[in-house]
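>>> after the sequence you'll find the predicted model.
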Amino acid sequence: MSSKANENLLIAYDFGLKRIGIASGNLLTGTATPLNTLVVGSRLPWNKMDNLIDEWNPAQLIVGLPNPNKSNTISTKADDFANNLEKRYFLPVSRVDESFTSRAAESRLREYRESGLMKNRIKKEHIDSQAACLIAEQWIHSRFD
């Protein structure tokens, strides 16, 4: 990893037990862009996440927590994932309530298809990375509220 992080960039994660949606966020523009969706097998795909961190060199990581006030398997695993990111990359990791981001992401993608901005069929991978965009945007906009 390079030594100086880009203070204007962040990476957001929509953590799931089967897939992790990933997006980049830019503090200067207040926007986020879908990057990738990684498949989670028996282990987390750390090597692919390492490559994204090396490529983007963010100063901040954001993890969406589903139902953060409830103690359930997915919330616990998402929080564990956030803790592992902190330990692995030595970057600040913020947690954001991501309740309903997948539904909102699917709705946004449907609008893109209807307007012609998106040509292909909507796949689960698209929803996951778009949900990561919403997580990034939510965190960015919360900084200015």
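Sure, I can see it.

>>> the closest residue to L28 other than its chain neighbours: how many residues sit nearby?
Using Cβ to Cβ, 6 or more residues apart in numbering and skipping residues adjacent in sequence, the residue nearest L28 is N8, 5.0 Å away. For every residue, glycine as well, the C-beta is placed using N, CA and C. Residue neighbour count, defined by other Cβ atoms under 10 Å, stands at 13 for N8.

>>> tell me the secondary structure at N8.
Here N8 is recorded as strand under DSSP: H, G, I helix; E, B strand; the rest coil.

>>> next structured bit after the worst-scoring helix or strand of the chain on mean pLDDT?
Every helix and strand in the chain was compared by mean pLDDT, DSSP states H and E; the lowest is helix 101-115, with a mean of 67. Next along the chain after helix 101-115, taking DSSP states H and E as the criterion, comes helix 124-142.

>>> quick one: average pLDDT of that next one?
The average pLDDT within helix 124-142 is 84.

>>> in this protein, what spans have low per-residue confidence?
Counting by pLDDT under 70, the chain has low-confidence residues at 1-3, 68-72, 99-102, 104-106, 108-110, 112-114, 116-119, 122-123, 126, 144-145.

>>> try it again at 50.
For the chain, residues meeting the criterion pLDDT under 50 lie at 1-2.

>>> okay but the residue nearest to L28 is in contact with L27, surely?
Yes. In this structure N8 lies within contact range of L27 using Cβ atoms under 8 Å: 4.6 Å.

>>> returning to that earlier point: ok, now which ones touch the residue nearest to L28?
N26, L27, L28, A59 (Cβ atoms under 8 Å, 6 or more residues apart in numbering).

>>> now do the buried residues in the helix or strand harbouring V96.
Remark: V96 resides in strand 93-97, with elements defined by DSSP H and E. For strand 93-97, burial by neighbour count (16 or more other Cβ atoms under 10 Å) applies to V93, R95, V96.
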